[in-house]
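Novice: the following block contains a protein sequence and its predicted model.
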Amino acid sequence: MSLVLNIAGAAVCAVAGAGVCAMILNSKNRRREDVRRREVEAQLEKTRLTAQQEIAQLRAQFDQATTTQRQDCNLCSGISIV
């Protein structure tokens, strides 16, 4: 009977060891994924800021162009053709 108990005990220890190893590996993977997620979020935020700056520049250029166009139209409307 003690042989059966020894085998059962060894099997329980093996399963418990495998479970501990799986938990350790899972923890390492989770930390690695968290680091990667933070890196991606930082890059995304950087890209958002760059896009917002570009949008602001394009708006300023558009406003300047439309202002210039309005001024040109106002100048043209003052000219009378005889």
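Specialist: Noted; the coordinates are in hand. Numbering: from 1, shown residues only.

Novice: going along the chain, name the strands of this protein.
Specialist: Taking DSSP state E, the chain contains no strands at all.

Novice: show me where pLDDT drops low in it?
Specialist: 1, 75-82 (pLDDT under 70).

Novice: residue boundaries of the helices in it?
Specialist: With helices called from DSSP state H, the chain shows them at 2-77.

Novice: taking the centroid of it, which residue is nearest it?
Specialist: The C-alpha lying nearest the average C-alpha coordinate of the chain belongs to E41 (C-alpha atoms, centre = their mean; 3.3 Å).

Novice: need the contact list for I7.
Specialist: I7 sits next to no residue when contact means C-beta atoms under 8 Å, 6 or more residues apart in numbering. From N, CA and C alone the C-beta is placed, and that goes for glycine too.

Novice: roughly how far does it sit from C73?
Specialist: According to C-beta to C-beta, to the nearest Å, I7 and C73 sit 95 Å apart.

Novice: check D63 too.
Specialist: As judged by C-beta to C-beta, D63 and C73 stand 16 Å apart.
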